[in-house]
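Enquirer: The following block contains a protein sequence and its predicted model.
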Amino acid sequence: MAHPKISQKFVHFQDLILFEDDHILVVDKPLYMASLDDKSNRNLNHLAKLYNPDLQLCHRLDKNTSGVLLMAKSPENYREISLQFQRRQIKKVYKTLVHGVHRFENQEVDLPLVVSTNKKVFVNRDNGKKSVTIFNTEEIFRNYTLVNCQPITGRMHQIRAHLAAIRCPIIGDSLYGGKDIFLSELKRNYNPSGRKEELPVNHGYLLHAESLTLRHPVTEEEMQFLAPYPKNFSVCLKILEKYNG
């Protein structure tokens, strides 16, 4: 569910496009929009099909994860891109904010994951599927860390579950033990407004697919696509830089 403070205005698919040619299309998926499964038909796949019926999602992002998402315009291009994913030739980089101070330097987390009946993902060394993520520290605040995450495999909730497993859950990710950030905890002499309840500054969990690098399915040119932080992520970083630097 979206945070009440964040409005969900009508999204024009054309406004999401980062790149388009005759073979592929790349979008910046907004927060709170499902990639595929959503009964309201306000999912990204539905909007994509209205724009071009031939478009096919090459991968997915969770509803509350923003950032770069790749689509193919033909079955042939889809197959070529799928092969790159299978061979782990496509590089994806995510950014996230976690609790605590962590100095990661190419730290590889190799923990097999399994999906439970309640759609939560757990480490299971006996029955889990191989899952590998590489973490690097991007910036350290007094109580929080901005982390660069590179998933080598593409399991459901992989980054979220791996960070929770090494005891640094993502800010706002209540499913995996993450807590919200409140301005009253950061700012001295905090003066609350007339609200009955203080709202968190993060507005949900903070996980953003910042970049994707692949070989073009037709030209074979190496291409990298970048998406800027969504507003809630960039505002949270500014607040931490000001009050928790």
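Expert: Arrived safely. Numbering: from 1, shown residues only.
Enquirer: going forward, measure contacts and count neighbours with C-alpha atoms only.
Expert: Noted.
Enquirer: which phi and psi does Tyr51 have?
Expert: phi -70, psi -40 (degrees, to the nearest 10).
Enquirer: and it, how many neighbours does it have?
Expert: Using other Cα atoms under 10 Å, Tyr51 is surrounded by 13 other residues.
Enquirer: so what's it scoring on pLDDT?
Expert: On pLDDT, Tyr51 comes in at 97.
Enquirer: any idea how far it is from Leu25?
Expert: Here Tyr51 is placed at a distance of 11 Å from Leu25 (Cα to Cα, to the nearest Å).
Enquirer: Kindly report the same for Asp37.
Expert: 20 Å.
Enquirer: More neighbours: which of the two?
Expert: A count of neighbours by other Cα under 10 Å puts Leu25 above the other of Asp37 and Leu25, at 19 against 14.
Enquirer: I'd say Ser184 and Tyr190 touch.
Expert: Yes. Using Cα atoms under 8 Å, Ser184 is in contact with Tyr190, at 5.4 Å.
Enquirer: more neighbours, those two?
Expert: More crowded of Ser184 and Tyr190, by other Cα under 10 Å: Ser184, with 15 against 10.
Enquirer: Contacts for the helix or strand hosting that one, please.
Expert: Using DSSP states H and E, Ser184 falls within helix 183-186. Contact with helix 183-186 is made by 190-192, 200-201, 243-244, as judged by Cα atoms under 8 Å, 6 or more residues apart in numbering.
Enquirer: which of those are buried?
Expert: Neighbour-count burial (16 or more other Cα atoms under 10 Å) applied to those gives 200-201, 244.
Enquirer: now those residues in CSV, with distance to Val68 and secondary structure?
Expert: Formatted as CSV, the buried ones among the contacts of helix 183-186 follow (distance: Cα to Cα, whole Å; DSSP: H, G, I helix; E, B strand; the rest coil):
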residue, distance to Val68, secondary structure
Pro200, 25, coil
Val201, 23, coil
Asn244, 29, coil
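Enquirer: Pipe the residues you listed into CSV and attach distance to Glu138 and pLDDT per row.
Expert: Shown next, in CSV, are these (distance: Cα to Cα, whole Å; pLDDT from 0 to 100):
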residue, distance to Glu138, pLDDT
Pro200, 23, 94
Val201, 20, 93
Asn244, 15, 94
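Enquirer: Let me know the pLDDT of Asp38.
Expert: With respect to pLDDT, Asp38 has a value of 67.
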